[in-house]
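Chemist: let me see the structure of the following:
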Amino acid sequence: MKRGVKIFLKILQIIAGAFIYAIGTAFLIDPFNLAPGGVTGIAIILNRAFSPVANVPVGVFVFVLNVPLLIVGLIKFGKEFLVSTVFGTVTLSALIMGLEKLREHLVAAGYTWFIISNPLLGALVGGALMAVGLGTVFRAGATTGGTDIIVKLLRLKYRYLRTGRVFLFIDSTICVASLPVVGWQVETVLYALVSMLVCSFVLDIVLYGFDGAKLIYIVSDRSERIAARILKELDIGATYLEGFGAYTMEKKEVLMCVVKKHLFPKVKDVVKQEDPRAFLIVASANEIFGEGYKDHFKEEL
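Modeler: Residues are numbered from 1 along each chain as shown. Next up is the predicted model:
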């Protein structure tokens, strides 16, 4: 694919992700005044803390906090990351403001069919939409600025952490910290935490997919017949491992294979039909790299 086409598709992906995120924010999160996390939450805390001395707008704090994060992002991830992140940040801000104005005009004109009166429903659906949008932007190799960059930086050092969980920890900490400063009701903060929890869960699904699979070890005297059927009927690869029975003191061939969850019952049926006395060990495999699964060289999100 030509570079120009790739860039165009990347821009479309960022815009699409920002639009989905903006819908969740403008139509579901903001109307209920749910306590924000991220840089916006920190900016609100600073605004209230400095208000007795100087009335510095929240937007100024957001800008000031984002500048060092963008500089660090440039150093760590390069110019392309900076450009795409600035584009994503500006696009998201413009879309949120535009959709908020649209919501106000629709309500003023009497169109209220889209209004949700239940804050819990707003938190659940809004959090899910924000996660889908954010994940789409992340998959394009960009971020929306703020804590997105912090999460990406943390993932460089702590690669075992999943993005959604890091977001949940950072945003919920900021959200709770803002409570005594802003004076939000506990109920509102709890709704916000529900939204963040949903966002974390859905974001991990968007970024990592349903990677869950079954890792199966089969100890059987008929391992060759079982392997032949698995390869032919289910098109699943398998590997022979050398085993040695501690009780029988005999060599055993152990068959190892990884299957997606929906295929596991069929593997179990094959084993049961070929050797009802087979020893079957089943474990969960959270991530699998290789043919038919994840690409080894794909960028980690």
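
Chemist: what's the first-to-last distance across stretch 270-281?
Modeler: 14 Å (CA to CA, to the nearest Å).

Chemist: now that stretch: buried residues?
Modeler: Using 16 or more other CB atoms under 10 Å as the test for burial, stretch 270-281 gives Val270, Val271, Glu274, Asp275, Ala278. (Each C-beta comes from the backbone N, C-alpha and C, glycine too.)

Chemist: using JSON lines, please lay out the residues you listed together with secondary structure and distance to Gly126.
Modeler: As requested, the buried residues of stretch 270-281 are exported to JSON lines (DSSP: H, G, I helix; E, B strand; the rest coil; distance: CB to CB, whole Å):
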{"residue": "Val270", "secondary structure": "helix", "distance to Gly126": "45"}
{"residue": "Val271", "secondary structure": "helix", "distance to Gly126": "46"}
{"residue": "Glu274", "secondary structure": "helix", "distance to Gly126": "51"}
{"residue": "Asp275", "secondary structure": "coil", "distance to Gly126": "52"}
{"residue": "Ala278", "secondary structure": "coil", "distance to Gly126": "49"}
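
Chemist: make TSV from the residues you listed and add distance to Phe167 and pLDDT to it.
Modeler: As requested, the buried residues of stretch 270-281 are exported to TSV (distance: CB to CB, whole Å; pLDDT from 0 to 100):
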residue	distance to Phe167	pLDDT
Val270	42	92
Val271	41	91
Glu274	47	92
Asp275	47	91
Ala278	44	90
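
Chemist: now those residues in TSV, with distance to Ile205?
Modeler: Output for the buried residues of stretch 270-281, formatted as TSV (distance: CB to CB, whole Å):
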residue	distance to Ile205
Val270	30
Val271	31
Glu274	36
Asp275	37
Ala278	34
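
Chemist: show me which helix or strand of this structure is least confident by mean pLDDT.
Modeler: Between all helices and strands in the chain, the lowest mean by mean pLDDT, DSSP states H and E belongs to helix 38-50, at a mean of 77.

Chemist: any idea of the angle the helix or strand just after it forms with helix 38-50?
Modeler: Proceeding C-terminally, helix 38-50 gives way to helix 58-77 as the next helix or strand, assigned by DSSP states H and E. Using axes from the mean of the first three to the mean of the last three CA atoms, to 10 degrees, the inter-axis angle of helix 58-77 relative to helix 38-50 is 140 degrees.

Chemist: returning to that earlier point: in the least confident helix or strand of the chain, what's buried?
Modeler: So for helix 38-50, counting by 16+ other CB under 10 Å, buried means Gly38, Val39, Thr40, Gly41, Ile42, Ala43, Ile44, Ile45, Leu46, Asn47.

Chemist: what's the closest of those to Thr25?
Modeler: Using CB to CB, Thr40 comes nearest to Thr25 of these, at 10.1 Å.

Chemist: that closest one and Gly146 touch, don't they?
Modeler: Yes - using CB atoms under 8 Å, Thr40 is in contact with Gly146, at 7.3 Å.

Chemist: what residues are shared contacts of these two?
Modeler: Val62 (CB atoms under 8 Å, 6 or more residues apart in numbering).

Chemist: quick check: mean pLDDT across stretch 109-121?
Modeler: Stretch 109-121 shows a mean pLDDT of 85.

Chemist: now do the SS call for Tyr240.
Modeler: Tyr240 falls in the strand class when you classify it by DSSP: H, G, I helix; E, B strand; the rest coil.

Chemist: going by residue numbers, what spans are strands in the protein?
Modeler: Secondary structure of the chain, counting by DSSP state E: strands at 213-219, 239-244, 251-260, 279-285.

Chemist: comparing the ones you listed, which comes out most buried?
Modeler: Among these, strand 213-219 has the highest mean neighbour count (mean count of other CB atoms under 10 Å), at a mean of 19.

Chemist: just checking, what packs against it?
Modeler: Contact here means 3 or more CB pairs under 8 Å, 6 or more residues apart in numbering; DSSP states H and E; on that basis strand 213-219 packs against strand 251-260, helix 264-274, strand 279-285.

Chemist: need the pLDDT of His296.
Modeler: Reported pLDDT for His296: 57.

Chemist: over to the one 4 residues further on?
Modeler: With respect to pLDDT, Glu300 scores 59.

Chemist: again, but for Val166
Modeler: pLDDT, read off for Val166, is 89.

Chemist: which residue packs closest to it, ignoring adjacent ones?
Modeler: Setting aside the residues directly before and after it, Val166 is nearest to Val151 in space (CB to CB, 6 or more residues apart in numbering), at 4.8 Å.

Chemist: could I get stretch 189-199 in CSV with only the CA atoms?
Modeler: These are the backbone C-alpha positions of stretch 189-199, laid out as CSV (Å, rounded to 0.1, in the frame of the first residue of the first chain):
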residue,chain,number,x,y,z
VAL,A,189,-18.0,10.3,41.6
LEU,A,190,-19.2,6.7,41.9
TYR,A,191,-21.0,7.0,38.6
ALA,A,192,-17.8,8.3,37.1
LEU,A,193,-15.8,5.4,38.5
VAL,A,194,-18.4,3.0,37.0
SER,A,195,-17.8,4.7,33.6
MET,A,196,-14.0,4.4,34.0
LEU,A,197,-14.3,0.7,34.9
VAL,A,198,-16.4,0.0,31.8
CYS,A,199,-14.0,2.1,29.7
